[in-house]
Structures are given as C-alpha cells and as structure tokens.
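Colleague: Predicted model and sequence below, questions to follow.
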Amino acid sequence: MTDHHIGMIVPSSNLTMETELPRMLRAREDVLPDDRFVFHAARARMQHVTPEQLRAMNAQARRAAAELADARPDVVATACLVAIMAQGPGYHCTAEDDITAALRAEGSQAPVVSSAGALLSGIAALGARRVAIITPYMQPLTDAVVDYLTDAGVGVVDSLSLQVPDNLAVARLDPADLREHWRKLDLTGADALVLSACVQMPSLPAIEAVQEAAGIPVLSASTATTHRVLTELGLEPRVPGAGALLAG
C-alpha cells in the first residue's frame, strides 16, 4: 500500500476543493485499495470573486507553494480556475511555472497541476472539441472563461452564468439544482458538458445523473483536476461515480 501526498493551494474561502477531491479519491481507494491519498492545504486570501481579489490571491501562490514544499508532497494542485483564466489566454502555464519555481527553490520536485490547465486537458482526454459550460460567476468572468477556452481551441456552444459573487455562497449552492440548470443550455453540437467550471461550485453528486440524462460526457473542474492529479502520480484515472472522464 502506497500513500500519495497531495498538496493543494486553495482560496481561503474555498470549501469544495477540500471536499470533492478527497471524496473522489476515497471512492477510488474502495476499488483500488493499494493506493491511499493524504491531503495538505495552503490557503490564499480571497472572499469575493472579483478581478481585484483574484489578482491579489494569485500573488500569494508562491508563498503558499513554499509552505507546501515543507511537507514534500508528491503533487501540488492549485485550485482557483477563474483566478487563472481571468488573467488572459494561456496564463495557466505561467501560474504552473511560478508555483513550480517556488517548489524547486524549497527542494520539492512535485509536479504542479492547475484546475484551469486540468480542465483543458480533461476536455482533450475526452476527445471533445466543443463544450457547454455552467459557472457560478458574474457574467464578465464567465465571458473570460469562454474566451480562455476558445483561445485554447475549445469551442463553447453555450454557457450559463449563475452570477454568485460571494465565494462562500458559491460553496453552498445545492448541486442537485444542476440537474435542472443544465437543461437551460443548448447542447446542439456539444461533445461534452462542463457541469461546473469552478472547483468551488459543488457538482459531484449530480455528474452521473446529468450525464445519463444529457447523453454526452459530463465533467467538472474538480473531476478534471482529479484526473490530472492521478495522471501526474502515474496512476489509473479511475473513480467510480464521477463521470466519463474518470471511468478508467
């Protein structure tokens, strides 16, 4: 049995990253018990999902990475998708490089995963070229996510913005509501549905049900991040009940 240590850089007001990722990996342990997962988190201050607070949070990433380096994690995941995508196309590469540099300066060789980069790689792993997305963000930030995906070569056929500015309120959204929210989208031409383009908006309990009803693969920022974490660890990306991306 092997323990894998996962470092997480999360917004100070984030509740869901530290809920859904461990929940998925605990479910994996039930079917593949040789691998176990231990979690270590560092926080960066952010209360409201505004451009100003997102930029300020990004500026804290190197400090958070240096703190995590002391625990010698096997992989580090940074969790705020919109904080990265709001900085402009391709910024996930810059963010991952900055965190990697901070880890290396402290003697850690852990690979780095961003939820923004993970969403792109998760869409690619499904072979999807066009998606529909649901976000909790205010419309301008949702537009920034759409632009980011489009610049990366992913067509967005439709989007739904729930327009919740308070980050704690986002965490308290009922994932069961997503079983109806997705029906407001026009999925014509979509290869996949991003049920939550935000690691703070809970979606895991709804993914399988929506996937069955929609008839196309369903993923989220959280399932994509889990997929990348497992891939970076050299493990099979298989989690029961977490949608097509993690079907193994």
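Modeller: Nice, thanks for sending it over. Nothing here was measured: the structure is a model prediction, and the numbers come from that model.
Colleague: ranges for the strands of the chain?
Modeller: Taking DSSP state E as the criterion, the chain carries its strands at 2-11, 35-44, 75-78, 112-114, 130-135, 155-161, 192-196, 218-220.
Colleague: Could you list every helix and strand in contact with the fourth one?
Modeller: Using 3 or more Cβ pairs under 8 Å, 6 or more residues apart in numbering; DSSP states H and E as the contact criterion, the secondary-structure elements in contact with strand 112-114 are strand 75-78, helix 91-105, helix 221-232. C-beta coordinates here come from the backbone N, C-alpha and C atoms, glycine included.
Colleague: Including mean neighbour count, mean pLDDT and distance to Val131, could those go into TSV?
Modeller: As requested, the helices and strands packed on strand 112-114 are exported to TSV (neighbours: other Cβ atoms under 10 Å; pLDDT from 0 to 100; distance: least, Cβ to Cβ, whole Å):
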stretch	mean neighbour count	mean pLDDT	distance to Val131
strand 75-78	28	95	21
helix 91-105	18	93	17
helix 221-232	26	97	11
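Colleague: Format these as TSV; extra columns: distance to Glu67.
Modeller: Below are the helices and strands packed on strand 112-114 laid out as TSV (distance: least, Cβ to Cβ, whole Å):
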stretch	distance to Glu67
strand 75-78	11
helix 91-105	10
helix 221-232	19
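Colleague: residue ranges with poor pLDDT in the chain?
Modeller: The chain contains residues with pLDDT under 70 at 46-50.
Colleague: State the distance from the residue nearest to the spatial centre of the chain to Pro22.
Modeller: Closest to where the C-alpha atoms of the chain average out (Cα atoms, centre = their mean) is Ala221, at 3.1 Å. For Ala221, the distance to Pro22 (Cβ to Cβ, to the nearest Å) stands at 15 Å.
Colleague: Repeat that for Leu160.
Modeller: In terms of Cβ to Cβ, Leu160 sits 27 Å off from Pro22.
Colleague: likewise Arg130?
Modeller: 32 Å.
Colleague: starting at the chain centroid, how far to stretch 129-139?
Modeller: With Cα atoms, centre = their mean, to the nearest Å as the basis, stretch 129-139 stands 13 Å off its chain's centre.
Colleague: before we move on, what about stretch 217-224?
Modeller: Averaging C-alpha positions (Cα atoms, centre = their mean) puts stretch 217-224 8 Å from its chain's average.
Colleague: Can you pull out the residues in contact with that stretch?
Modeller: 16-17, 20-21, 24, 81, 115, 118-119, 121-123, 126, 128, 191-199, 203-204, 207-208, 210-211, 239, 242-246 (Cβ atoms under 8 Å, 6 or more residues apart in numbering).
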